[in-house]
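J.: Everything below, folded, please.
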Amino acid sequence: MLFAQNLTKKYGEYTALNALDLTVQQGEIFALLGQNGAGKTTTINLFLGFTEPTNGTVKINGISVVENLLEAKKHVAYIPETVMLYANLSGLENLQFFSSIAGFQYSEKELQDLLLKAGLQEKAQTQHLGGYSKGMRQKVGIAIALAKNAKALLLDEPTSGLDPKASNEFSEILRELAKNGTAILMATHDIFRAREVANRIGIMKEGNLVSIIEPKDVSANELEALYLQTV
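T.: Coordinates of the predicted model:
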């Protein structure tokens, strides 16, 4: 569902991403771990078409992001560290607006069901976003992804700033999405969350994917030691 081959991004003499080879299958959660500047966000941005690669191939559902960006983006949803929503609208109104500009029309009941599926309680759905916690905003972002029928979900530091309860709820939602076939690529600093939720973990350093690990093969302490080698 997500495919990168020899994917490289340079800014002048600086190499932000160096010859990345990566695949994320349907129903898989792949976590990218690494320090700031390791190349995690650059990878996400290249998949989203926010920046063009210097070299290499990047595809979503077999569609080239470089050659056919608009078609490729139909298959993906993105949740950044801070979800950009309209504070003067309710969660329900935000979902209606963003799903409609993506070309989808839902009844109010269908929108409510999408928000419930994303974990947002019914009483919060009609409240303005200005009063939402970060975890609640993330759930609206998940609902927007559900409304788009996105086959792939890209996340950049999604649990940053969440309390343990909200972070755990978010992980459960990701597992449910993956169970239903969504491919998920998550850039994070959260070692514990990555080990808990991901099927595979890639460790990045200075623009290079230095190792790919299956969580079942390492303890939390071993993963932390590998991560600290990137510092």
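J.: domains in this structure, as residue ranges please.
T.: With automatic domain parsing as the criterion, the domains of the chain are listed as 2-75+151-228, 86-150.
J.: Now mean neighbour count and mean pLDDT too, for those domains, in CSV please.
T.: (Glycine included, C-beta is placed from N, CA and C.) As requested, the domains of the chain are exported to CSV (neighbours: other CB atoms under 10 Å; pLDDT from 0 to 100):
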stretch, mean neighbour count, mean pLDDT
domain 2-75+151-228, 18, 92
domain 86-150, 18, 91
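J.: what sits against the residue positioned nearest the centre of the chain?
T.: Note on the chain: the residue nearest the mean C-alpha position is residue 155, at 1.7 Å, using CA atoms, centre = their mean. With contact taken as CB atoms under 8 Å, 6 or more residues apart in numbering, residue 155 is in contact with 44, 78-79, 184-188.
J.: Reformat those residues as TSV; add distance to residue 131.
T.: Formatted as TSV, the contacts of residue 155 follow (distance: CB to CB, whole Å):
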residue	distance to residue 131
44	29
78	24
79	20
184	28
185	31
186	27
187	28
188	27
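J.: what's downstream of the helix ranked longest in the chain, the next helix or strand?
T.: If you go by DSSP state H, the chain has its longest helix at helix 164-179. Downstream of helix 164-179, the first helix or strand assigned by DSSP states H and E is strand 183-188.
J.: elements contacting that next one?
T.: strand 14-24, strand 29-33, helix 40-48, strand 152-156, helix 164-179, helix 191-197 (3 or more CB pairs under 8 Å, 6 or more residues apart in numbering; DSSP states H and E).
J.: Ok, which of the ones you listed comes nearest residue 221?
T.: Residue 221 lies closest, by CB to CB, to one member of the helices and strands packed on strand 183-188: helix 191-197, at 10.1 Å.
J.: For the next helix or strand after that closest one, name the packing helices and strands.
T.: Once helix 191-197 ends, the next helix or strand along the chain (criterion: DSSP H and E) is strand 200-205. For strand 200-205, the packing partners by 3+ CB pairs under 8 Å, 6+ apart come out as strand 29-33, strand 208-213, helix 220-228.
J.: Could you check how far the residue lying farthest from the centre of the chain is from residue 50?
T.: Residue farthest from the centre of the chain, counting by CA atoms, centre = their mean, is residue 13 at 28.6 Å. Distance, residue 13 to residue 50, by CB to CB, to the nearest Å: 22 Å.
J.: so what's the residue nearest to the centre of the chain bridging to?
T.: Per DSSP bridges, the residues bridged to residue 155 are residue 79, residue 186.
J.: Tell me the spacing between it and residue 78.
T.: In terms of CB to CB, residue 155 sits 8 Å off from residue 78.
J.: okay, and the common contacts of the two?
T.: Common neighbours of residue 155 and residue 78 (CB under 8 Å, 6+ apart) are residue 44.
J.: sorry, back to before: quick one: list the elements packing against the longest helix of the chain.
T.: Packing partners of helix 164-179 (3+ CB pairs under 8 Å, 6+ apart): strand 29-33, helix 134-147, strand 183-188, helix 191-197.
J.: same thing but at 10 Å, please
T.: Packing partners of helix 164-179 (3 or more CB pairs under 10 Å, 6 or more residues apart in numbering; DSSP states H and E): strand 29-33, helix 108-117, helix 134-147, strand 152-156, strand 183-188, helix 191-197.
J.: Quick check: residue 15 touching residue 38?
T.: No: using CB atoms under 10 Å, residue 15 is not in contact with residue 38; the gap is 11.9 Å.
J.: element containing residue 103?
T.: Using DSSP H and E, residue 103 sits within no helix or strand.
J.: Distance-wise, check it relative to residue 7.
T.: For residue 103, the distance to residue 7 equals 29 Å [CB to CB].
J.: All good on my end, thank you.
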